[in-house]
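Asker: build me a structure from this.
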Amino acid sequence: MADMAIGSSRKPRTDALHNRRRVLDSAHTIFAEQGLEASMTSIARRAGVGVATLYRHFPTKSDLLAEVSRDQVAECVSVIDDALDDPDPWRGFTTVIEKICAMQAKDRGLGAVFLEALPDPVLFETERIRAENGFAELARRAKDVGRLRPDFVRDDLTLVMMANRGITAATEAEALATSRRLSAYLIQAFEARPERAPLPPVPRLGPHPDLPSRH
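Answerer: Purely as a prediction, here's the structure:
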């Protein structure tokens with residue numbers, strides 16, 4: 001009887017963990033497909049759980065997004081931190097572009113964290129600011145040694161991520177190979193050369209706080 005009681009008490013916990021995992025897996029897929037405007041209802045439907053079950057685990061979309069994207073955002077920041085430690089400014093700069101494009105090709109939802117207005121404006125705010133400032137410092141160093149064209153601006157990294165996000169491929173391997181070729185083209189375009197023609201002015205890019213998001 002004691003064993004039966006223990007088994008009965010553990011089952012809800014096991015089911016809850018299973019449902020939570022299904023929600024996270026479904027959210028990861030749907031955020032990658034639809035961006036941050038994906039509704040909580042569509043995530044619950046994909047996971048095969050009720051909306052009430054989803055909200056029991058994640059009371060807000062920000063809670064869900066934070067759990068889904070935490071590791072990827074931390075990895076992006078780590079990539080930039082490592083590049084800042086590289087004694088070769090140009091190599092540090094290009095490594096960031098190569099690695100972040102590769103990460104985005106494998107996880108299309110990653111770009112949404114940096115490119116779209118988040119449900120909660122303070123979500124990942126510290127990490128985003130740290131990444132932006134770190135990359136700006138990498139660009140400054142690469143310009144100082146004459147390797148990066150002088151008209152490169154911070155928003156050009158956003159432009160890279162927007163272009164890379166548009167890659168569609170049948171498999172992850174194809175997406176990664178295509179992304180590597182795109183980043184190689186762009187890195188060559190960013191390199192300083194005397195014959196470079198000036199670029200058109202950069203538009204406003206990145207998250208737009210006035211864009212609505214569905215919950």
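Asker: how is the chain divided into domains?
Answerer: Following automatic domain parsing, the chain resolves into domains at 1-59, 69-193.
Asker: from the chain's centroid, how far away is the shortest one?
Answerer: Between the mean C-alpha point of domain 1-59 and the mean C-alpha point of its chain there is a distance of 23 Å (Cα atoms, centre = their mean, to the nearest Å).
Asker: how about low-confidence regions in the chain?
Answerer: Along the chain, the parts satisfying pLDDT under 70 run over 1-12, 117, 119, 121, 202, 204-215.
Asker: could I get the full set of helices for it?
Answerer: Using DSSP state H, the helices assigned to the chain run over residues 2-34, 40-47, 51-57, 61-84, 89-106, 110-115, 125-144, 155-165, 172-190.
Asker: and the third one, what does it pack onto?
Answerer: So the one you mean is helix 51-57. Judged by 3 or more Cβ pairs under 8 Å, 6 or more residues apart in numbering; DSSP states H and E, helix 51-57 is in contact with helix 2-34, helix 40-47. In this view, the C-beta of every residue, glycine as well, is placed from N, C-alpha and C.
Asker: name the residue closest to the centre of this protein, please.
Answerer: The centroid of the chain falls nearest to L110 when counting by Cα atoms, centre = their mean (2.2 Å).
Asker: doesn't C76 make contact with that one?
Answerer: Yes - the pair L110 / C76 is scored as a contact, 7.4 Å apart, by Cβ atoms under 8 Å.
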